[in-house]
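S.K.: would you be able to build a 3D model of this:
(chains A, B, C and D)
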Protein chains: 2
Amino acid sequence: MTSSSPERRGGAATSVEADLGWALGVVFRRYAKEAAAALDSVPGGPRGYQVLTTVTGDGPKRQLDLAAQLSVDRTVMTYLLDDLEEAGVVQRQPDPADRRARLIVATDQGKEAVCELERRLSAAEHEVLGSLDEGERLIFRMLLQRVAVRADAADPVDDACALADADDITKT
Amino acid sequence: MTSSSPERRGGAATSVEADLGWALGVVFRRYAKEAAAALDSVPGGPRGYQVLTTVTGDGPKRQLDLAAQLSVDRTVMTYLLDDLEEAGVVQRQPDPADRRARLIVATDQGKEAVCELERRLSAAEHEVLGSLDEGERLIFRMLLQRVAVRADAADPVDDACALADADDITKT
DNA sequence: TATTGTTATACTCTATAACTATA
DNA sequence: TATAGTTATAGAGTATAACAATA
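M.R.: Reported below is the predicted structural model:
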């Protein structure tokens, strides 16, 4: 048993209005698990895969740019690349334009691996959305995409008001 | 900047087929952030809120049962309850049926707090789904719910096959 | 002997700070 | 002086193990 059932939650819960947070959490964790399993062979798991696909798709990239683009701490990027390099899927090359920087490039082995990994990941996605038919899946992805685009644009700083009037419940 | 843009990802990406993992992650993290802000006043944040709503809705519960139901480690539950009790929203009472066990009950203050917190949480949900109109929101929640129910039922153990043939990419 | 709950310890992940080599 | 990358260190969060009280 990994999570509580939705009906268990308090408050109003018509079968459709059922807790959004619960559903989101369950689906996200499930996908994360499936993806992690699919990408099990990549050092660093999903994040290692992201690095690999990025350098494969975009071509050579400097370490810091890569870190910024993927929202990974630069210190974490160091460890990640250590492992990926040891696995032989990427390589650190000197940047001819700046002797401080390193250009990260995918090896042939890395490029090959991406194809196989993409297939596995795609299968994992299909698995997670298995309860929807083709049409529903399309609608779901479309709506989710719309929500995500807005969510990605929104800044947590915008919620200053929400935080401001969130006085301590112990004083209510 | 918190996350990479979807078009940045490698592979095939028609605007609708855009990366499911990315969208799920963004929406989930956004919701988690909003919820954490809305539940800022509860010790333990969202998890403290879950404990509070559970004992408010289901009535007194033993600590271990509560931990199992919410998938929280029993050692974590101890700290969580310490904080919630100190805040005055729940109480540990001796279980008349078993002197080892403690029954967790919500205080009046705790019950009051739940109402306010539910309102805030509901507002947060509305905010996250803000890019959808009423009808779309209903469809989205319905589909998400369907996906979640299946995802919740599925066991990671079922993926033994996926893990089995996930040989190391370094040897491909 | 097994179980409830607590405490202490260790482990993982991530972020911070200090360092080097270049610019 | 500032920046790219590395290393060492410290912090949060979580899990493991040992413990006291009771069954």
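
S.K.: below-threshold pLDDT in chain A: ranges please.
M.R.: Counting by pLDDT under 70, the ranges of chain A that qualify are A:1-18, A:155-172.

S.K.: just the helices in it please.
M.R.: A:20-38, A:45-58, A:63-69, A:74-87, A:108-128, A:134-153, A:160-164 (DSSP state H).

S.K.: distance to B:I104 for those - can I get that in CSV?
M.R.: Quick note: C-beta positions are derived from backbone N, CA and C, even for glycine. Converted to CSV, the helices of chain A look like this (distance: least, C-beta to C-beta, whole Å):
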stretch, distance to B:I104
helix A:20-38, 21
helix A:45-58, 37
helix A:63-69, 44
helix A:74-87, 39
helix A:108-128, 34
helix A:134-153, 34
helix A:160-164, 28
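
S.K.: nearest to DNA strand C, out of those?
M.R.: Evaluated over the helices of chain A, closeness to DNA strand C peaks at helix A:74-87, with 3.6 Å, by C-beta to the nearest atom of the strand.

S.K.: so which elements touch that closest one?
M.R.: Where contact means 3 or more C-beta pairs under 8 Å, 6 or more residues apart in numbering or on different chains; DSSP states H and E, helix A:74-87 is packed against helix A:45-58, helix A:63-69, strand A:90-95.

S.K.: ok, back up a step: out of the helices of chain A, which gets nearest to B:T107?
M.R.: Proximity to B:T107 (C-beta to C-beta) singles out helix A:20-38 among the helices of chain A, at 24.1 Å.

S.K.: what number of residues lie near the residue nearest to A:Q63 when sequence neighbours are not counted?
M.R.: Leaving out its chain neighbours, the residue that sits closest to A:Q63 by C-beta to C-beta, 6 or more residues apart in numbering or on different chains is A:R102, at 5.4 Å. Using other C-beta atoms under 10 Å in any protein chain shown, A:R102 has 19 other residues around it.

S.K.: follow-up on the earlier one: wait, which of the helices of chain A is closest to B:D95?
M.R.: Minimum separation from B:D95 across the helices of chain A (C-beta to C-beta) falls at helix A:20-38, 28.2 Å.

S.K.: that closest one close to chain B?
M.R.: Yes - with C-beta under 8 Å from any C-beta of the partner chain as the criterion, chain B is reached by helix A:20-38 at A:20-31, A:33-35, A:37-38.

S.K.: put the buried members of those residues into a ChimeraX selection.
M.R.: Burial among those is assessed by 16 or more other C-beta atoms under 10 Å in any protein chain shown; the matching ChimeraX selection reads:
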select /A:20,21,22,23,24,25,26,27,28,29,30,31,33,34,35,37,38
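
S.K.: can you tell me how far A:L66 sits from chain B?
M.R.: Distance, A:L66 to chain B, using C-beta to the nearest C-beta, to the nearest Å: 10 Å.
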